[in-house]
Each structure stands twice: as C-alpha cells, then as structure tokens.
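Any chance you can model this:
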Amino acid sequence: MRPGRREGLPGFSFFGPCTATFSSSARPARGGSLGLVMASALALSSCAEERTIENGPPVYSADIAPLLQRRCVACHEGETPSGGWRATSFLDVIACVASNGAPAAAPPDERAPLLRVLDTDAHRALLDPPARSVLESWVRSGAPAFRGTFHPAGIADPRSEAWHGKWLRDKRWAPMLDGRDADACGRCHDGSPAQPPGVIYPARNATACTTCHAQQGGALACGTCHGAGERSHPPRDACFFPGDGAAAGAHRAHARPAASVEGLACATCHPVPGADVMSGLHANGALEIVFDVNSAASGGSYDRASGVCAVACHDRGGDRARPKWSDTAPMACGSCHGAPPDGHYRGPCTTCHVEADATGAMLTGLALHLNGRVDLGDGSGQCGACHGRGDDPWPSTDAHGAHRQPSVTAPVACEDCHIVPRSVIAPRHLDGMVTIAMAGRAIDRGAAPNWDGHTCTSVACHGARLVDPPAVVPTWTDGTGAARGCDACHRLPPTQHTASTSCDRAECHGSEIVRTGASLSISESGKLIHVNGVIDVRPP
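Modelled structure (predicted):
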C-alpha cells in the first residue's frame, strides 16, 4: 500500500468480506443443479466464510466516511486542503496534519488533532453532539477501517501490526506472488500480481489492489516498497513510517538533489530488476550495491561498516571526497572538486560552463553535471563553448577576426599560434594563461617568431625572411588595417621582381590577382595559395 494514494470514498470496503469469488470450474450456471451450487460454495469456503461479529465501535467505512463527507470534505479535499489535511479517504483521514506533523487520529484519546480541532472557534459548531460522540468513539477505539470478517481491521493501517504490508513481508510475499498459496491475495482481490488457477472474478466487496496501488506496475511498482507513490526511492511516507528517515540516508540527495545534479537513476548504485520484479537479487532480503561505471567509474566501493562511499563522482579533489551514506548535509561545489579545481582557469565559471553561476557557488542547470565528462557550454565539447560561440572557436577580441577572415589569404588555423589541446583537461589548458606557440605558416622559411605580449615580430606570414624586410610590425590591438596591405610584408613589386605591376598577367599570377580599375586584390582562389611559404607563378 502506498500512503500517497488513499482508498475511495464512503463505499470503502478495503479487504472487506470475501463472499463471491468464482472459478471457471465452480461458477454455477443458470438453471444448474443444487449439487453444482453446493460444490461451488464448498470450493469458495476459504474466502467466503463470514464470522458472526457483535456490534463494535464505529468504523471508517460505515460510520466515519459518511460523516466526514457531509461535514468536512467541502474544505478538506484536493491538492491544497485547508490545514493540510484531507478527509477524502481512510488513509488521508489517519495521515499526519501538515500544520503540525502529528497523526490526525492518534493517540487514541482527546489529544488526537482530529478531536482537539473540534474545540476551536472554526469547528466548534461543525458536529452535533451525536456526530461528535461517534467520531470520539472511533478515535478512542484506534480508528478502525472497517468491521472485519475475513481480515483484521488493522490490515489497512500501515501503523498497525496487522498491516498487510508487514504480513506479506513476514510470509516472504508468497500470498501476493504465488496464486497457489493458501492465502493467495488473488483469490479475492482483483489486481493481485498472481491469480489462482481458474479464478476469473473478484469477490464481492473485496477492494482491488489497484485502488491504492494505482501507479504503473500496481502493487509491484518500486514506490510500493521503497518510496511513496510515483517516488521510487526511500524514505517511505514519514507519517506512516517515521523510522524510515534515518535509514534512508542520502537517497533523497541522490534522487532529487536541489542544486547539484538532475537526479541519479537507481541503476547508478543498485542492480535494477527486469520484468520479473521479484526475482534474482531483488527482494532477496539483502541490500545490493553495484556501481554503474559510467557514473561512479570502475573501482567504486561502499564500506557497509563505516557507510563510506569511495566513488569517482565524489572524489575529485574536494573537501568531502569520501562522504558517509548517513551524511545528508548539502554538497557544495568544493565538496567534490575545488571551486575552481587545482590548475583550472581562474576566470568566471560562466565563461565555459552554462550550468554554473559566475562565482561557482551554485548551478542553474542540472542536465550536464555529474555525467562523467567535463562539459563545455551546452555539452557539445566544441572549443567555441569557451573561446567563441557555439561551434565557432574564434574569439571576437582584437586581431582574432583579421586572422579568422583575412583579406589576402586563407583563414589562419588556431594551431598556427596556439597549442591546441587534445582534451579539455590537457596539461596547460584551463590554467588561466594564453599560451602563444607559433607554428605552421608562422615559421615558414626558417622564421623564428616572437610575441612580447603586444607585438608579433619575425613572423613568416608577415614577411619575415623575405628579401624585403616587413614594412609594418603588427600590433595585436591595432585595428587600422595597416598590416593587411600588400606592401606591409613585401614591396610592391618586391625586390628582384620584374618592374611590371601587372600582377594579373596570365604568364605571372593570372586569375589569382583581380584588377578593378587601378586597384589590385587577391581572388578567392588566390587566397588559397597566398602566404603559403611558396612563391607561386602561373603557369608553374
């Protein structure tokens, strides 16, 4: 039973008298003989026998539900009931009141919130003396669900020693799973995981299992044993199982963390059963810990004696690398890894990570965190997440644009000026320093470039080691375009070149040079071979 889903309204008859279960071999046909009817009755005697019970105290199903329906439900129903208490079902009525956390119908005396509230101004005239007497008698007698015949009244109450969940656990779930068991639930109740052979109709007035276990999977849904309703992880409903909070440990922090991760699947730490839920390692009475290597990495361990987890998802150099399962204090960014980690870029976290705030004190998104990878930007892994935008790795600062889309040559590669890391966490990457290490076109003709933090000198792509010394020494922040002219790197025409400036002549550079009036420019095909370390002449 899951307390999150309460039974129905006044017609409630949870585990009431089993009086009309028929099997394919025993169901009496119309006009059948008395012998067949008697045989049917004998076959069903284990379910249908009713016991003579003297009139006892009021019960929810017959006495309290109709009273509450008339006087209380109007205010105490729905998702936000008055006072945080609902009067719409048995489990709702005996549940805890949100305003004080105490069970509404306990203890069985005048201290019960359900009785104390009747003396407040808002409720003093709600019930007439006879109705109040009935409610008081019900609470003082332990708030029974129904006047039992086949089952004890406490079978519907999770706090009772007779609760069906405890009963099934003590019997190792056999009545629920084995249709041939002498106490098989399916003998009377529809929705039981196992039906006895031949039983095709539920007993009259026997509540279906799915009345309470309405989530997918019914009585075998994960929340039935481990959580509450659709929530599959411990603890169970704190009102009915107050001892679960301490035993549940850090389940809530892993399954529904508020600010660190989207939520871990049960399979991260436990083997998850297949279609046959109650098989294999599941429901064997032992707690199995098997870490998923994609999240916790291989070699993860859990020490049952100390309750300490040794898993990669925590051990990243932070100050709480080996947390205890019972330690439910919130994790901060510095708990698992430094904030920032050692050797990491010291700028704002938002420069590279879309799910962090600028200081690294909190996360604003959860899908990428703790997924076993170091994610940049949207998780695509592209350099543009930090340096540019989207899939574009080029920064927009200073002369980056002139190198990305130069007017006289093909785009410059990142590796012509920088060491491009093979991975995000490669050495010297994310250390907060911009490392200049020129290569490729920058060192053609044996040039030895130098970068002083402001100016590039002796760079081959700017004319170093040509016959003519460069006319312009490029400065990184110079936006005038002076370093882009043809005569910035070599004379026009260069020394030792023919005096002709008809660069577009077919026998010289042909279609690589374009003349527009008196102006010369390099064509798109010409850009591919310009500044390539070779003097190209057409025809070759």
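
Point out where this protein drops to low pLDDT.
1-55, 148, 256-262, 365, 501, 506-507, 537-540 (pLDDT under 70).

top helix in it by residue count?
helix 129-140 (DSSP state H).

Please identify the buried residues of that one?
Neighbour-count burial for helix 129-140, counted by 16 or more other Cβ atoms under 10 Å, picks out Val134, Leu135, Glu136, Trp138, Val139, Arg140. Quick note: C-beta positions are derived from backbone N, CA and C, even for glycine.

and if you look at stretch 324-333?
For stretch 324-333, using 16+ other Cβ under 10 Å, the buried residues are Trp325, Thr328, Met331, Ala332, Cys333.

go on, stretch 453-463?
Buried-residue list, stretch 453-463, by 16+ other Cβ under 10 Å: Cys456, Ser458, Val459, Ala460, Cys461, His462, Gly463.

ends of that stretch, how far apart?
20 Å (Cα to Cα, to the nearest Å).

same deal with stretch 264-273?
17 Å.

ok now it, how far from the chain's centre?
13 Å (Cα atoms, centre = their mean, to the nearest Å).

Mark which of the buried residues of stretch 453-463 are part of strands, please.
Of the buried residues of stretch 453-463, the ones assigned to strands by DSSP state E are Cys456.

Distance to Cys75 added to the buried residues of stretch 453-463, as TSV?
Shown next, in TSV, are the buried residues of stretch 453-463 (distance: Cβ to Cβ, whole Å):
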residue	distance to Cys75
Cys456	78
Ser458	86
Val459	81
Ala460	84
Cys461	81
His462	82
Gly463	87
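
Take the buried residues of stretch 453-463 and keep only those in helices.
Going by DSSP H, the helices hold none of those.

Out of the buried residues of stretch 453-463, which is nearest to Gly179?
Nearest to Gly179, judged by Cβ to Cβ, of the buried residues of stretch 453-463 is Cys461 at 82.5 Å.

so who does the closest one touch?
Thr409, Val412, Asp416, Arg441, Ala442, Asp444, Cys489, Val531 (Cβ atoms under 8 Å, 6 or more residues apart in numbering).

From Pro323, how far out is the residue nearest the centre of the chain?
Nearest to the mean C-alpha position of the chain, counting by Cα atoms, centre = their mean, stands Gly263 at 2.9 Å. Distance, Gly263 to Pro323, by Cβ to Cβ, to the nearest Å: 17 Å.

Can you give me the neighbour number for Ser523?
Residues near Ser523, counting by other Cβ atoms under 10 Å, number 15.

Am I right that it is in contact with Ile513?
Yes - counting by Cβ atoms under 8 Å, Ser523 touches Ile513, with 6.9 Å between them.

how about the strands in this structure?
301-303, 308-310, 450-451, 456-457, 513-516, 519-522.

Can you give me the distance of the nearest residue to Cys486 once chain neighbours are set aside to Asp504?
Spatial nearest neighbour of Cys486, chain neighbours left out: Leu492 (5.1 Å); criterion: Cβ to Cβ, 6 or more residues apart in numbering. Distance of Leu492 to Asp504, given as Cβ to Cβ: 14 Å.

Between these two, which is the more surrounded one?
Asp504 (18 against 15).

Please tell me how far the more buried one sits from Ser523.
9 Å.

which neighbours do these two share?
Ser511, Ile513, Val514.

Of those, grab the buried ones for PyMOL.
Buried residues among these (16+ other Cβ under 10 Å), as a PyMOL selection:
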select buried, resi 513
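
Turn the shared contacts of Asp504 and Ser523 into JSON lines, columns for distance to Tyr201.
Shown next, in JSON lines, are the shared contacts of Asp504 and Ser523 (distance: Cβ to Cβ, whole Å):
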{"residue": "Ser511", "distance to Tyr201": "91"}
{"residue": "Ile513", "distance to Tyr201": "95"}
{"residue": "Val514", "distance to Tyr201": "91"}
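
one step back: can you pick out the most distant pair from the contacts of Cys461?
Asp416 and Cys489 (15.5 Å).

Pick out whichever of these two has more residues nearby.
More crowded of Asp416 and Cys489, by other Cβ under 10 Å: Cys489, with 25 against 20.

contacting residues for the residue lying closest to that one once chain neighbours are set aside?
Nearest residue to Cys489 in three dimensions, chain neighbours excluded: Gly463, at 3.3 Å (Cβ to Cβ, 6+ apart). Counting by Cβ under 8 Å, 6+ apart, Gly463 touches Pro469, Pro470, Ala471, Ala488, Cys489, His490.

Could you list the alpha-carbon positions for stretch 195-209 in PDB?
Extracted in PDB, the C-alpha atoms of stretch 195-209 (Å, rounded to 0.1, in the frame of the first residue of the first chain):
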ATOM      1  CA  GLN A 195      -4.200 -15.100  -9.700                       C
ATOM      2  CA  PRO A 196      -5.000 -18.600  -8.500                       C
ATOM      3  CA  PRO A 197      -5.700 -21.000 -11.300                       C
ATOM      4  CA  GLY A 198      -9.300 -20.700 -12.600                       C
ATOM      5  CA  VAL A 199     -10.300 -17.600 -10.600                       C
ATOM      6  CA  ILE A 200     -11.800 -15.200 -13.000                       C
ATOM      7  CA  TYR A 201     -13.900 -12.900 -10.800                       C
ATOM      8  CA  PRO A 202     -13.000 -10.900  -7.700                       C
ATOM      9  CA  ALA A 203     -15.000 -11.500  -4.500                       C
ATOM     10  CA  ARG A 204     -18.000  -9.200  -3.800                       C
ATOM     11  CA  ASN A 205     -16.900  -6.100  -1.800                       C
ATOM     12  CA  ALA A 206     -13.200  -7.100  -1.900                       C
ATOM     13  CA  THR A 207     -11.200  -3.900  -2.800                       C
ATOM     14  CA  ALA A 208      -9.000  -4.200  -5.800                       C
ATOM     15  CA  CYS A 209      -5.200  -3.800  -5.100                       C
END
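
Thanks a lot, catch you later.
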